[in-house]
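Asker: return atomic coordinates for the entry below.
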Amino acid sequence: MSTASSTESSSTEPAAEEERPEERTGRAPGRFGALVERFAPALGAYAVVKAIGLTVFLVLLEHTGDYLNKQVGRGGGAHAWDVLGTWDGVWYERIAENGYDPQLIPLHGFPLATYYENSAAFFPLYPWLMRLVGAVTGLGPYGSGIVVSVLASLVAAAGIFAIAERLGGFRTGVIAAVVWGLFPGSGVEWAVYSDSLFVALSAWACYCVMTRRWLAAGLLALVAGLNRPTAAALIAAVSIAALVALVRRTDGVARPLTAMLITPWGLLGYVGWVGWRMGDWGGYFKLQRGAWNRYFDFGASTLRTIMDVITGHWDFWQSNPVPDLIAIALLIALPGLVVLLWRVRPPLVLWVYTALTVFTALSSNQIFGNISRYLLPAFPLFIGLAVALRRMRTSSLVGLFAMPAIAAGWYAGYALFELGIP
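Answerer: Numbers count the residues shown, from 1 in each chain. So this is what the prediction gives:
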């Protein structure tokens, strides 16, 4: 790895060819005005592609009407938009309303399930925020969840923009935010799911590492640990970057050391609390395996499923042909995205975070078609692509992204929620 890739101070200046806000307008804006001018193009472009995709998603739902014949909470509902609160969304709504009651209750007669499903499998930060928004606005759990997700997605898009801007300039940042909004699996960004909140915390934690704000990075990683178990990738990335800074004495001792010490406690605290309430310190992991069939197997199930899908065998656990084929297409594109990222020479924190996120997604037994969603947090993969596209004219970029913006309503929305299980 090059020196530029192994230090967190690399790529911390905008690309030389990019103009600063005051240079584009001929005046120096105030602090708020500068923030608006800096982030508005990226957030506006992101919101446009998301709105187009969501509209197409709802049109497809109304066209088929299949959601009317499906069980509420499993892709069904009284209205098309109810689908956005199904599957995991139902669990988050229940937690926001009723809290937790962690238990391991044996289940008999099912070959792949040994325990009843329990809400303790879902981490608390997102439903906590849902409850807070509900208390302030009077919205119910569904409306509160949508509000939290949409706002978090804008914060996430801003974080992705900020990182990509440092590595490749303003246009790179805008393109990276748009690509994240069009990525397979992005249909959960504006649904009652915790994915947008997690990416928001991850992106800004990585940005804080890149700008040597160690305490902020550590706190964001700690909070992310209360949101999803995959925060382990972010915790490791921030901790390893802090360790490198500590060894090299680039930022003193206290700040990187403190960041290292505080990062894991959100994740460890919640898993420990669940185990304590269940009377079994391994209770969280037993619940994940026994109720949801989720466990780490070094990629054996992923490899086996890939072989089944490409040979047309659809008899494996939770086979969903359309999402499965989308996952195969994504895996074919994955090495190319890694190569493009390598050409950018990102700092160590992004490499570690990306590598561990991809490794976690591919090394666990899970619903194969959800790989598109599990790779959604691997936002650094979009930066290399954005750098490769930044030389294109704006009109050409609009033409390039027009069809994906429309098609995302199908491949990132309808295929995920109605033809699979997100």
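Asker: tell me which element the nearest residue to Ala232 once chain neighbours are set aside falls in.
Answerer: Of all residues not flanking Ala232 in the chain, Leu267 sits nearest, at 6.4 Å (CB to CB, 6 or more residues apart in numbering). C-beta coordinates here come from the backbone N, C-alpha and C atoms, glycine included. In this structure, Leu267 sits in helix 265-278 according to DSSP states H and E.
Asker: alpha carbons of that helix, as CSV, please.
Answerer: Provided in CSV are the C-alpha atoms of helix 265-278 (Å, rounded to 0.1, in the frame of the first residue of the first chain):
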residue,chain,number,x,y,z
TRP,A,265,-19.1,-0.1,23.6
GLY,A,266,-22.3,0.5,21.8
LEU,A,267,-22.2,-2.8,20.1
LEU,A,268,-20.8,-4.7,23.1
GLY,A,269,-23.3,-3.0,25.4
TYR,A,270,-26.3,-4.0,23.5
VAL,A,271,-25.3,-7.6,22.8
GLY,A,272,-24.3,-7.9,26.5
TRP,A,273,-27.6,-6.4,27.6
VAL,A,274,-29.5,-8.9,25.5
GLY,A,275,-27.5,-11.8,26.9
TRP,A,276,-28.0,-10.6,30.4
ARG,A,277,-31.8,-10.3,29.9
MET,A,278,-31.9,-13.8,28.3
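Asker: can you tell me the SS state at Asp280?
Answerer: Three-state call for Asp280 (DSSP: H, G, I helix; E, B strand; the rest coil): coil.
Asker: let's number from 366 now, not from 1
Answerer: In the new count, where the first residue is 366, that last one comes out as Asp645.
Asker: with adjacent residues omitted, what lies nearest to Thr479?
Answerer: Take Thr479 and drop its neighbours on the chain: the residue closest to it by CB to CB, 6+ apart is Gly655, 4.0 Å away.
Asker: for the one you found, give me its contacts.
Answerer: Gly655 makes contacts with 469, 472, 478-480, as judged by CB atoms under 8 Å, 6 or more residues apart in numbering.
Asker: those: which two are farthest apart?
Answerer: Greatest spacing in the contacts of Gly655, by CB to CB: Leu469 and Ala478 (12.3 Å).
Asker: these two - which one has more neighbours?
Answerer: Counted by other CB atoms under 10 Å, Leu469 and Ala478 do not tie: Leu469 has more neighbours, with 21 against 15.
Asker: isn't there a strand covering the more buried one?
Answerer: No: with three-state DSSP as the criterion, Leu469 is located in coil rather than a strand.
Asker: contact partners for it?
Answerer: With contact taken as CB under 8 Å, 6+ apart, Leu469 is in contact with 480, 483, 643, 645, 648, 651-652, 655.
Asker: top of those by neighbour count?
Answerer: Counting neighbours by other CB under 10 Å, the top entry in these is Leu652, with 27 neighbours.
Asker: could you report the neighbour count for the closest residue to that residue other than its chain neighbours?
Answerer: Distance criterion CB to CB, 6+ apart; nearest residue to Leu652, sequence neighbours excluded, is Ala486 at 5.4 Å. By the criterion of other CB under 10 Å, Ala486 has 17 neighbours.
Asker: how about the helices in the stretch 566-715 of the chain?
Answerer: All helices of the stretch 566-715 of the chain, identified by DSSP state H, counting those that start in this stretch, fall at 579-589, 596-613, 619-627, 630-643, 648-657, 665-675, 686-709, 713-727.
Asker: hang on, Gly534 packs against Arg756?
Answerer: No: using CB atoms under 8 Å, Gly534 makes no contact with Arg756, being 10.6 Å away.
Asker: so which of these two has more stuff around it?
Answerer: Gly534 (19 against 8).
Asker: what residues are up against His678?
Answerer: With contact set as CB under 8 Å, 6+ apart, His678 has no partners.
Asker: before we move on, the earlier item: tell me the pLDDT of the residue nearest to Leu652.
Answerer: Listed pLDDT for Ala486 reads 96.
Asker: got a list of what it touches?
Answerer: 456, 649, 652-653, 656-657.
Asker: most neighbours among these, please name it.
Answerer: Neighbour counts for the contacts of Ala486 (other CB under 10 Å) peak at Leu652, which has 27 neighbours.
Asker: quick check: that residue touching Tyr480?
Answerer: Yes: counting by CB under 8 Å, Leu652 touches Tyr480, with 6.0 Å between them.
Asker: may I see the buried residues of stretch 501-510?
Answerer: Under the neighbour-count criterion of 16 or more other CB atoms under 10 Å, stretch 501-510 has 506-510 buried.
Asker: show the average pLDDT along that stretch.
Answerer: Taken as a whole, stretch 501-510 has an average pLDDT of 97.
Asker: for that stretch, give me every contacting residue.
Answerer: Residues from elsewhere that reach stretch 501-510 (CB under 8 Å, 6+ apart): 447, 450, 454, 457-459, 461-462, 491, 494-496, 498-499, 512, 556-557.
Asker: could you find the closest non-adjacent residue to Val414?
Answerer: Here the residue nearest Val414, using CB to CB, 6+ apart, is Ala770, at 4.3 Å.
Asker: dump the residue contacts of the one you found.
Answerer: Ala770 touches 413-414, 417-418, 547, counting by CB under 8 Å, 6+ apart.
Asker: how far does the strand or helix carrying it sit from the chain's center?
Answerer: Using DSSP H and E, the element containing Ala770 is helix 759-773. What separates the centre of helix 759-773 from the centre of its chain is 22 Å, taken as CA atoms, centre = their mean, to the nearest Å.
Asker: kindly report the same for stretch 558-571.
Answerer: Remark: stretch 558-571 is offset 6 Å from the chain centroid, using CA atoms, centre = their mean.
Asker: packing partners for the helix ranked longest in the chain?
Answerer: If you go by DSSP state H, the chain has its longest helix at helix 396-429. In terms of contacts (3 or more CB pairs under 8 Å, 6 or more residues apart in numbering; DSSP states H and E), helix 396-429 is packed against helix 386-390, helix 506-533, helix 535-547, helix 759-773.
Asker: could you measure from the residue lying closest to Ser666 once chain neighbours are set aside over to Val687?
Answerer: Spatial nearest neighbour of Ser666, chain neighbours left out: Asn730 (4.2 Å); criterion: CB to CB, 6+ apart. Distance from Asn730 to Val687, counting by CB to CB, to the nearest Å: 21 Å.
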